[in-house]
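S.K.: Could you work out the structure for the sequence below:
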Amino acid sequence: MINSQQNRRTPKSYDRLRDLFFRDIEILLIEDSAVDQVVFCRYVERSQMPFVVTAVGSLAEAREKLANKHFDIIVADYYLPDGVCLELGIIFYEYPVVVMTGGGDEKIAVGVMKAGAKDYLIKGTGSGALKMLPLTLENVLIRHHAEREREELEARADEMQKMESLGRLAGGIAHDFNNILGSIIGYTELAVEDVEEDSITRRNLQEVLIAAQRASHLVEQILAYTRDSAEERVRVDLVEVLDEVMNMLAHSIPKNVEIEIIRQVDYAYVHGNETNLYQVVMNLITNGIQAMEAEGGILKIRMMEIIQGRKPMICVEISDQGCGINRDHLERIFEPFFTTKAPGKGTGMGLAAVQGIVEYHNGRIDVSSQVGVGSVFTLQLPSDLND
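M.R.: Numbers count the residues shown, from 1 in each chain. Okay, here's the model as predicted:
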């Protein structure tokens, strides 16, 4: 195996690569000829590009390397002692691959490009292709990076369209459902007054009322998620909102959970709807507490002012020492109706509503988590600087 790391000084023509990677670029060279390995590394070194080459001589060695390390690009000889490079299969779609052969077989060239290779080169000092090797690698890397960016943008756009469609559907259903609930709650309250106080019928009707009120609360969360709310916006101090939430939760916090509040500001004014912002803070703190109910821990709440793109923002950071959230769940954490809680413990609308409210207030919410360590939710809202 050969490891080649050239001079760190890179020419200006390769600034684009440095702007994309901010580090040395890892190349996996799959080539069974020791002479060709040396020639390849020599051309790379002469280019003064920020490349580090790891060379192996077979498909088996390549698979072993790929299983234990990430590479930015693969350069593979077509014919190898244990097969042809096409047997790498899905690797052609996970990595940008450049294929080399000792001859100019047009069928092989077409085959490798159909398999997903990004380019095809003919070996041999007389071919002239190796002289263009550094430029070829540069172009392949930049093109691959652009393709990935485009795919990510398209995926995000598709997801946004889905969420907007779901939001409109949920909002419409919520309005109709709210009207039905109004009738159920109204007539049930009238019926309660018409039966004896200690009767079974009265108790049953009261249970109906409780269930209907829970459903009404869910509708409010759906409407908050769809941002279909016309409540008045005023100047709100998040310090006071936090105090109110803590007063409300004071008697329901488990004994094994400790709350630590760090205020780096005396006041934290934002422009928004106080009820909605109360719901956001209450939901995030409640989730943090629930995450630690079993094992206990410290819930840290930090409030501060930060500058984001020259704009002052109020930042509320809520971190718990709970079980954490795995990567698959983390990607869906703000989806409506998605929940990891046991049946009956959550509707899946809490964090979706939180995100809807925060975006409605021109803010943002981020989450990071590590399984077995805990989670951190970071809320940012534009600061209201009016005196």
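
S.K.: pLDDT weak spots in the stretch 151-300 of the chain?
M.R.: The stretch 151-300 of the chain contains residues with pLDDT under 70 at 159-168, 170-171, 221-231.

S.K.: can you do 50?
M.R.: Applying pLDDT under 50 to the stretch 151-300 of the chain picks out residues 228-229.

S.K.: Please enumerate the strands of it.
M.R.: Assigned by DSSP state E, counting those that start in this stretch, the stretch 151-300 of the chain shows strands spanning 234-237, 257-263, 269-272, 297-308.

S.K.: Buried deepest among these, which one?
M.R.: For those, average neighbour numbers computed from mean count of other Cβ atoms under 10 Å are highest in strand 269-272, which has a mean of 21. Backbone N, C-alpha and C define where each C-beta goes, glycine included.

S.K.: Give the other helices and strands that it contacts.
M.R.: Contacts defined by 3 or more Cβ pairs under 8 Å, 6 or more residues apart in numbering; DSSP states H and E place strand 269-272 against strand 234-237, strand 374-382.

S.K.: which ones are touching Leu209?
M.R.: By Cβ atoms under 8 Å, 6 or more residues apart in numbering, Leu209 lies in contact with 185, 188-189, 192.

S.K.: Show me which of those residues are buried.
M.R.: 185, 188, 192 (16 or more other Cβ atoms under 10 Å).

S.K.: my guess is the last one contacts Arg203, does it?
M.R.: No - Val192 lies out of contact with Arg203 (Cβ atoms under 8 Å); the separation is 9.8 Å.

S.K.: Same list, the strands of the stretch 151-300 of the chain, but as a markdown table with distance to Leu351 please.
M.R.: Shown next, in a markdown table, are these (distance: least, Cβ to Cβ, whole Å):
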| stretch | distance to Leu351 |
| --- | --- |
| strand 234-237 | 21 |
| strand 257-263 | 20 |
| strand 269-272 | 18 |
| strand 297-308 | 17 |
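
S.K.: And those: which comes nearest Cys323?
M.R.: Nearest to Cys323, of all those, is strand 297-308, at 10.1 Å by Cβ to Cβ.

S.K.: would you list every one of the helices in the stretch 1-150 of the chain?
M.R.: 15-21, 34-47, 59-68, 91-94, 106-114, 133-193 (DSSP state H, counting those that start in this stretch).

S.K.: Against Asn283, how distant is Ser375?
M.R.: 13 Å (Cβ to Cβ, to the nearest Å).

S.K.: So which of the buried ones among the contacts of Leu209 is the closest to His70?
M.R.: Nearest to His70 among the buried ones among the contacts of Leu209, counting by Cβ to Cβ, is Ile185 at 57.4 Å.

S.K.: how far away is the closest one from Tyr43?
M.R.: Note on Ile185: its distance to Tyr43, by Cβ to Cβ, is 78 Å.

S.K.: Which residues does the nearest residue to Leu379 once chain neighbours are set aside form beta bridges with?
M.R.: Leaving aside its sequence neighbours, Leu379 sits nearest to Val316 (Cβ to Cβ, 6 or more residues apart in numbering; 4.4 Å). Beta bridges link Val316 to Met303, Leu379 when assigned by DSSP bridges.

S.K.: so Val316 touches Lys300, yeah?
M.R.: No - the pair Val316 and Lys300 does not pass the contact test of Cβ under 8 Å, sitting 11.1 Å apart.

S.K.: With distance to Asn139 added, can I get the helices and strands packed on strand 269-272 in CSV?
M.R.: Shown next, in CSV, are the helices and strands packed on strand 269-272 (distance: least, Cβ to Cβ, whole Å):
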stretch, distance to Asn139
strand 234-237, 53
strand 374-382, 39
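
S.K.: What about the residue nearest to Leu379, how many residues nearby?
M.R.: Counted with other Cβ atoms under 10 Å, the neighbours of Val316 add up to 24.

S.K.: again with the one 10 residues further on
M.R.: The burial count assigned to Asn326 is 12, neighbours taken as other Cβ under 10 Å.

S.K.: how close does it get to Ile333?
M.R.: Taking Cβ to Cβ, one finds Asn326 at 11 Å from Ile333.

S.K.: Contacts only, for the residue most central in space within the chain.
M.R.: Among the residues of the chain, the one closest to the centroid is Glu331, at 5.1 Å (Cα atoms, centre = their mean). Taking Cβ under 8 Å, 6+ apart, we find Glu331 in contact with no residue.
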